[in-house]
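K.L.:
I would like to see how this sequence folds:
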Amino acid sequence: MTARQVTIEDVARAAGVSRQTVSNALNAPHRLRATTLARVTAAIDELGYQPDQSARSLRTGTRKVIGYPAPVDNPADPNPLMGGFLQALVSAADAVGHRILLFRCDPQQGLAAVAKSFNGLIAARQVDGFVLSDVVHDDPRVDVLAEAGFPFAAFGRTAPGRPQNWVDIDSAAATAALVGLLLEQGHRRICYVNSAASLPWLADRRAGLQQAAAAAPDGAFEVGVPDDDPAALSQALQRLLVGPDRPTALVCANDWLALAAYHAVRAAGLTVGADVAVAGFNDMPHCTLIQPALTSVRLPLSGIAHALVARLITAVEDPAAAPTTGLLLPAEPVVRGSTPAR
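P.N.:
Below is the predicted model:
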C-alpha cells in the first residue's frame, strides 16, 4: 500500500481506534492519553500516512505555506549569504510541516508596487504569513503588512511604532567581541574599515567597534571611501600602512572589504597576519579560500531561520500571542590565520 493510498480509516483500523482519535492525534495531540497517541503515531509511521493538506486547509483556513520575497540579486554573481539563509529557511519550515513560496518584490520600486505584490498573495489566500529579510527601518514591506494586519516575521529590526516581531543578530556585541579578541592578542592600534552603505546592521557594527576599541592602548580610527570602491580603498589603506602610526589590525565591516585590506597590506610590503591582522564580518565562502584564511564573524543562519518560523507560526495560530518584542541572537568570530596571536 503506497502513501497516497493510505487513508485515515486505514490508520484507525491499524491502531484500533476511531477516525476521530486519529484526527485528534494529528491536530490536537494534547487531548489523547500518551499510550493512545503513541499507538496512533506508530500506525501512521508504519503505513506511511500523509494527511490531505488541501482538506485540512479548508477546515482550518491555513495553507501551511510561508511567503518569502526573495531579495533582488544578480544571477551571475549571487549573494551566498542570502542563499544560505534561504536554505536554512526552507529547512526550518519543513521541520514544522510548512513550505516556502518564493516571489519577487523589490522594495526600491515603491510602496504601490510592494503593496501589489503582497496584497495579491493575501487576497488569493496563498500563504499564512510572510518572512522578510534585509529589513531596514523604513521598509515599505513592513508598512504594507502592518496596514493589512497580516502576520509576518522579519530578519532585521523594524522601526518603533511598527510590529516588533523580528529576529536579528547582535552585530554590535559581535564586533565588540572581535575587537576584544584582537586586544587580547596584543594589538595596540586598530583601524575600522567602514562601508559607505547606509544600512542599520553596518551602523551597529561600527558602534560595537567604537565602544570596544576605546580600550586599545594606542587608540582606534576609521577609514572608508565613497561607494566602497576597492581600488580607492586599497590606496587609502596603503597610505595608512606605510605611515609612522600604522594600525596593527584592520577590522572590516564585511568580508568583501577585507579583500581590499589584504591587497593593501601586501602592496605596502607587509604580511597579513604576521604584520597586520585582518578580520571581516559575515564569514562568506571566500574566507577559507584566501591565504591566510580570514577571521570573520559567522551569522547563525539556521538559528535565525528557526526562530523566525516559530515566531511567525505563533502569530498565525494565535494573533493575541504574537511576539511584541524582537529577539537578538549572538554571532561569534571564527578565528583563522589572519589574526594570529602576537
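
K.L.:
So, low pLDDT: which residues of the stretch 151-300 of the chain?
P.N.:
By pLDDT under 70, the stretch 151-300 of the chain has no low-scoring segment.

K.L.:
Could I get the full set of helices for it?
P.N.:
Per DSSP state H, counting those that start in this stretch, the stretch 151-300 of the chain has helices spanning 171-184, 200-213, 230-241, 255-267. These are given in chain order.

K.L.:
Kindly state which of the ones you listed is positioned closest to residue 98.
P.N.:
With Cβ to Cβ, the closest approach to residue 98 among those belongs to helix 200-213: 26.7 Å. (C-beta placed from N, C-alpha, C; glycine too.)

K.L.:
what comes up buried for the closest one?
P.N.:
Going by neighbour count (16 or more other Cβ atoms under 10 Å), the buried part of helix 200-213 is 201, 202, 203, 204, 205, 206, 208, 209, 210, 212, 213.

K.L.:
what are the C-alpha coordinates of that helix, in CSV please?
P.N.:
Output of helix 200-213 as CSV, limited to C-alpha atoms (Å, rounded to 0.1, in the frame of the first residue of the first chain):
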residue,chain,number,x,y,z
PRO,A,200,21.3,49.6,10.1
TRP,A,201,23.4,46.5,10.7
LEU,A,202,26.5,48.3,9.5
ALA,A,203,25.8,51.1,11.9
ASP,A,204,25.6,48.6,14.7
ARG,A,205,28.9,47.0,13.8
ARG,A,206,30.5,50.5,13.8
ALA,A,207,29.0,51.3,17.2
GLY,A,208,30.3,48.0,18.6
LEU,A,209,33.8,48.6,17.4
GLN,A,210,33.9,52.2,18.7
GLN,A,211,32.8,51.0,22.2
ALA,A,212,35.3,48.1,22.4
ALA,A,213,38.2,49.9,20.7
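
K.L.:
got a list of contacts for that helix?
P.N.:
Contacting residues not belonging to helix 200-213 are listed as 136-137, 156-157, 168-180, 183, 190, 192, 194-195, 219-220, 222, 251, 253-254, 281 [Cβ atoms under 8 Å, 6 or more residues apart in numbering].

K.L.:
re earlier: let's have the helices of the stretch 151-300 of the chain in JSON lines, adding distance to residue 21.
P.N.:
Written out in JSON lines, the entries for the helices of the stretch 151-300 of the chain read as follows (distance: least, Cβ to Cβ, whole Å):
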{"stretch": "helix 171-184", "distance to residue 21": "49"}
{"stretch": "helix 200-213", "distance to residue 21": "50"}
{"stretch": "helix 230-241", "distance to residue 21": "65"}
{"stretch": "helix 255-267", "distance to residue 21": "54"}
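
K.L.:
right, and those helices - which one's nearest residue 126?
P.N.:
Here helix 200-213 is closest among these (Cβ to Cβ), at 30.1 Å.

K.L.:
what angle do that closest one and helix 171-184 make?
P.N.:
Angle between the axes of helix 200-213 and helix 171-184 is 30 degrees (criterion: axes from the mean of the first three to the mean of the last three Cα atoms, to 10 degrees).

K.L.:
What segments of the stretch 101-250 of the chain are strands?
P.N.:
For the stretch 101-250 of the chain, the strands identified by DSSP state E, counting those that start in this stretch occupy 129-132, 152-155, 166-169, 190-193, 220-223, 249-252, in order along the chain.

K.L.:
Out of those strands, which is the most enclosed?
P.N.:
Greatest average neighbour count among the strands of the stretch 101-250 of the chain goes to strand 249-252 (a mean of 29), per mean count of other Cβ atoms under 10 Å.
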